[in-house]
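Return a 3D structure for these sequence lines:
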Amino acid sequence: MARMPLISGNWKMHHNHFDAIALVQKLGYVLGKDDLEAVEVSVHPPFTDLRSVQTVLESDKIGIALGAQNCHWEEKGAFTGEVAPPMLAKLNVRYVIVGHSERRELFGETDDDVNRKVKAVLKAGMTTILCCGETLEEREAGGTDAKVTGQVLAGLDGLKADVVGGLVIAYEPIWAIGTGRTASAEDAQAVCGLLRRTVAGKWGAAAAESVRIQYGGSVKGDNAPALMACPDIDGALVGGAALEAESFAAIVQFRLAAPQG
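Sure thing, here's the model as predicted:
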């Protein structure tokens, strides 16, 4: 079964709503119809930009999905500074990143927190991009496999196979985020293949075949073709290169740089 690649731009804490409007308009110009039919694309602006980006995407009929970077697990309540999943769904957000390493490492999110968010996103009718990844110390100690499989099993705990098959998992080695270091295509494939086997072992072959697995960590236009050629890599979760239309478009257009067979 062919899985539609998903290239997601995580803007993190960059771009005010004026910058955001300019960026998505430029993406709409740079990316052609063929690009957006061959590859699914999502952008994940800061919360303050979401309404502005939604308006541009819908009014200009730009075929890019709107995404969010995080959410709370409750539908409403006294949680100052938080954003509830139903609020995102009302803005036609399609994808929500959950469990990004920066949320885990800097803000203390636990596997249990991540699992609750995954379920809340699904309940609100959106799709989860569940992140997993290891630190450099964990990798050098041989702990990569245990770390990433543990995060995925905990994050998706309690979900049925058909639900898991419709989700997205993003492998983002922490040592490669924003450092300029990228896992080799072989190393990225090894971990993404492990994640697919993990899904198969817990939720069955059908779920493993349909779940999409992204790689994230200093992805750029020049390394995207090799990464995307790997059999178990179905897209990319892009950070810094997603902040400029040209560099992000070069990743979306990875097929154009790939060797023709």
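
Please enumerate the strands of the stretch 1-150 of the chain.
Counting by DSSP state E, counting those that start in this stretch, one finds strands in the stretch 1-150 of the chain at the ranges 6-10, 40-44, 65-68, 95-98, 127-132.

okay, the angle between the second one and strand 127-132?
Strand 40-44 runs at 80 degrees relative to strand 127-132, counting by axes from the mean of the first three to the mean of the last three C-alpha atoms, to 10 degrees.

rewinding a little: dump the strands of the stretch 1-150 of the chain into TSV; add mean neighbour count as well.
C-beta: built from backbone N, CA, C; applies to glycine. What follows is the strands of the stretch 1-150 of the chain, written out as TSV (neighbours: other C-beta atoms under 10 Å):
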stretch	mean neighbour count
strand 6-10	26
strand 40-44	25
strand 65-68	24
strand 95-98	26
strand 127-132	26
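
Ok, which of these comes nearest Lys220?
If you check each of the strands of the stretch 1-150 of the chain against Lys220 by C-beta to C-beta, strand 6-10 wins as the nearest, at 12.2 Å.

Which strands or helices does that closest one pack on?
For strand 6-10, the helices and strands in contact under the criterion 3 or more C-beta pairs under 8 Å, 6 or more residues apart in numbering; DSSP states H and E are strand 40-44, strand 95-98, strand 212-216, strand 235-238, helix 245-252.

So which residues make contact with it?
39-44, 67, 69, 95, 97, 100, 129, 168, 170, 212, 214, 216, 234-239, 242-243, 248, 251-252 (C-beta atoms under 8 Å, 6 or more residues apart in numbering).

show me what contacts Asp111?
Contacts were defined as C-beta under 8 Å, 6+ apart; by that measure Asp111 touches Gly150, Gln151, Ala154, Gly155.

looking at the strands of the stretch 1-150 of the chain, which is closest to Met87?
strand 65-68 (9.4 Å).

Pull out the buried residues from the contacts of Asp111.
Buried subset of the contacts of Asp111 (neighbour count, 16 or more other C-beta atoms under 10 Å): Gln151, Ala154, Gly155.

Mind pulling the model confidence for the residue nearest to the first one when sequence neighbours are not counted?
What sits nearest to Gln151 in space, not counting adjacent residues and going by C-beta to C-beta, 6 or more residues apart in numbering, is Cys132, at 3.9 Å. Cys132 is assigned 98 on the pLDDT scale.

Ala257 now?
Reading off the model, Ala257 has pLDDT 75.

what does stretch 187-203 rub up against?
Here stretch 187-203 makes contact (C-beta under 8 Å, 6+ apart) with 132, 144-145, 148-149, 152-153, 156, 159-161, 164-165, 169, 171, 173, 183, 207-208, 211, 213, 215, 227, 230-233.

Just the buried ones from those?
Neighbour-count burial (16+ other C-beta under 10 Å) applied to these gives 132, 144, 148-149, 152-153, 156, 159, 161, 164-165, 169, 171, 173, 183, 207-208, 211, 213, 215, 227, 230, 232-233.

re the thing from before, I figured the residue nearest to Gln151 hits Glu172, correct?
Yes: between Cys132 and Glu172 there is a contact under C-beta atoms under 8 Å: 7.4 Å.

Kindly reformat the contacts of Asp111 as JSON lines containing secondary structure.
Formatted as JSON lines, these follow (DSSP: H, G, I helix; E, B strand; the rest coil):
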{"residue": "Gly150", "secondary structure": "helix"}
{"residue": "Gln151", "secondary structure": "helix"}
{"residue": "Ala154", "secondary structure": "helix"}
{"residue": "Gly155", "secondary structure": "helix"}
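
Out of these, which comes closest to Ala78?
Using C-beta to C-beta, Gly155 is the member of those that lies nearest Ala78, at 26.0 Å.

Helices of the stretch 151-261 of the chain, residue ranges please.
Applying DSSP state H, counting those that start in this stretch to the stretch 151-261 of the chain gives helices spanning 161-164, 185-203, 205-210, 224-228, 245-252, 254-257.

closest one to Lys33 among these?
Lys33 lies closest, by C-beta to C-beta, to one member of these: helix 245-252, at 12.6 Å.
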